[in-house]
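Peer 1: Mind folding the following:
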Amino acid sequence: MSDRRLPFSTHMQRFRYAGPPGRLLAMTTVFVTRAIPGQALSQLAAAGHAIDLWPGELPPPPDALAAHLRAADAALTMVSDRIPPELLPACPKLRVVANMAVGYDNVDPAAAAAAGVWVTNTPGVLADTTADFAFALLLATARQVVASERDTRAGGWKAWSPTAFLGADVYGSTLGVVGMGQIGAAFARRAQGFAMRILYTSRTPKPAVEAETGARWVSLPELLAASDFVSIHTPLTASTRGLISTAELALMRPSAILVNTSRGAVVDQEALVAALRAGTIAGAALDVTEPEPLPLGHPLFMLPNVVVTPHIASAGRATRARMAEIAAANILAVLARKDPPNPVNRPVPPR
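Peer 2: As a prediction, this is how the structure comes out:
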């Protein structure tokens, strides 16, 4: 796959290759791992930085990612771009990895700091968009929107039926929110419009959210046992990996639905498949999986009570553009020898 430069007609600039990675034009280079929306690329170009844009929709393979990072002063990355810790010291010019995401489990901040590299993210911009989508998944699964639409397209709709596609009532039900950060709180606010009783579990109680939404802090086992719907909004850490597994699923109601828009690895997928097949829970809606993309032959695709979407919870046009622009702002700050607005580590000393 060949590399290419983008023209930026707004600034009357065109950037050219002088050869493969490592022989780019003599200017500060920002490697961008995918085409991105909004004005981020133009902002970087206007500041005088060369843009090394990976072509196509698929992420760069590991060897190409490594080659371009070694030649770059900065990188604007996606959470799907896995950066091995041992690669960072081998990137002599690299000063910042700016993730276009809130999460940063694709790069080790401590290893980056030790190598003198900043890691940044894009907090505070996608909470409402992600919460909208998580609630859309909840409704779609509860009311069998996807299953009924597929059946209708296949010619299954013969007449109105009093028993076809009976689903779970959402209004007035009990919602369990796992992780009450910004996204979890935004999700809880949406649940208020459905008069839902809200339970939540988090590392610490959230009095302000409780006052606003009426949510009640409980333990994870109590939440799982009492909820009609469980929605996961916790980040992926060592303590949350596999947080929902066989024992936790066994605590849930047979009528319950699990929604996950956080990270796929928070849920033990083998345990989830077994629980769905056995009727331990009624259904699941997943915007994130492990791995991504999920292989088409995976058992989750064979289950009629599962909705799987391709990690698009933050895919509002304005939201994604703003995420890209925040990532660019972090890069611009670091390349100007300033602290970035959204650091998740602090190199000592930075490159």
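Peer 1: where along the stretch 251-351 of the chain do the strands fall?
Peer 2: For the stretch 251-351 of the chain, the strands defined by DSSP state E, counting those that start in this stretch occupy 257-260, 283-286, 306-308.
Peer 1: Pick the most buried one from these.
Peer 2: Highest mean neighbour count of those: strand 257-260, a mean of 28 (counted as mean count of other Cβ atoms under 10 Å). (C-beta placed from N, C-alpha, C; glycine too.)
Peer 1: Summarise which helices and strands it is packed against.
Peer 2: Using 3 or more Cβ pairs under 8 Å, 6 or more residues apart in numbering; DSSP states H and E as the contact definition, the elements that strand 257-260 packs against are helix 127-142, strand 229-232, strand 283-286.
Peer 1: Pick the most deeply packed of these.
Peer 2: With neighbours defined by mean count of other Cβ under 10 Å, none of the helices and strands packed on strand 257-260 is more surrounded on average than strand 229-232, at a mean of 27.
Peer 1: same for it, what does it pack against?
Peer 2: helix 127-142, strand 174-178, strand 257-260.
Peer 1: what angle sits between the longest helix belonging to the chain and helix 127-142?
Peer 2: The single longest helix within the chain, with elements called by DSSP state H, is helix 317-335. Between the axis of helix 317-335 and that of helix 127-142 there is an angle of 140 degrees, by axes from the mean of the first three to the mean of the last three Cα atoms, to 10 degrees.
Peer 1: my guess is Thr174 meets Ala226, correct?
Peer 2: Yes. In this structure, Thr174 sits in contact with Ala226. The criterion is Cβ atoms under 8 Å, and the distance is 5.9 Å.
Peer 1: shared neighbours of those two, anything?
Peer 2: Taking Cβ atoms under 8 Å, 6 or more residues apart in numbering as the contact definition, Thr174 and Ala226 share the neighbouring residues Leu199.
Peer 1: Show me the one of the helices and strands packed on strand 229-232 that comes nearest Ala115.
Peer 2: helix 127-142 (30.8 Å; Cβ to Cβ).
Peer 1: and that closest one, how far from the chain's centre?
Peer 2: Here helix 127-142 is found 14 Å from its chain centre; the criterion is Cα atoms, centre = their mean, to the nearest Å.
Peer 1: next helix or strand past that helix?
Peer 2: Counting by DSSP states H and E, the next helix or strand C-terminal to helix 127-142 is helix 145-153.
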